[in-house]
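**Student:** Sequence plus predicted model, see below.
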Amino acid sequence: MANTTSATGDFVPSYPAAQIAAAWRRERPGTPTGSIEIVTPIWWLGKLFANDRNQVLREAGIDAATLDLLSVIRRSGPPYTLSTREIARLSLVTAGAISQRVARAERDGLVRRTPGTTGRRTILVSLTPDGHALIERSVDAVLGREAELVSDLSADERDVLTTLLEKLMADVRRRTAAQDQVKQYESDDASPPCNRT
């Protein structure tokens, strides 16, 4: 994207995130601004994608949590049945949240719960015909729209972007996990010795 020069001759980036970074460097020399042109567009894109997806979901008659639940079961393949533990692992949400999602979807006739055969506490969740039909329609609507949103990127650009995003995601996860471990260690260190086992 082209940059411009202000009336005073100052270099003015036309990219909004670059303008933010330049303003901080001007007002607070030495401020670490290296992340702004990466993190800020990611936040903005996340909001744009989320708002657009919510609109598509409203038109399809499904909410994001139900879409996630039905998608996980649908992607598992025939017979479209998973345990609640498997759903929680694949959805990256808590078991409590999965229980609420499953209960709501069952009430709406989208899934069916049955006892598992591997243990008394195992619950299997299966798509009903209505649930299968809804996820088929919803996936086409959501993924079709999102394919349209990224259609201006060439195949090579997508490959490069995918690789960079995967690298960034892995690194951020590693760093934030390490930070969480430090906080947990500090919390444990502050506990009375009898609780540190």
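**Tutor:** Nice, thanks for sending it over. Residues are numbered from 1 along each chain as shown.
**Student:** Would you map the strands across the chain?
**Tutor:** 4-5, 11-12, 81-83, 111-115, 123-127 (DSSP state E).
**Student:** Point to the residue nearest the middle of this protein.
**Tutor:** Centroid-nearest residue in the chain: residue 46, 8.8 Å away (criterion: C-alpha atoms, centre = their mean).
**Student:** residues touching that residue, list them.
**Tutor:** By C-beta atoms under 8 Å, 6 or more residues apart in numbering, residue 46 lies in contact with nothing. Bear in mind the C-beta positions are built from the backbone N, C-alpha and C, glycine included.
**Student:** ok, it to residue 177 distance?
**Tutor:** 20 Å (C-beta to C-beta, to the nearest Å).
**Student:** Quick check: mean pLDDT of the lengthiest helix in the chain?
**Tutor:** Longest helix in the chain by number of residues, with DSSP state H as the criterion: helix 155-189. For helix 155-189, mean pLDDT rounds to 82.
**Student:** hmm, back to that, from the strands of the chain, which stretch is densest packed?
**Tutor:** With neighbours taken as mean count of other C-beta atoms under 10 Å, the strands of the chain reach their highest mean count in strand 123-127, at a mean of 20.
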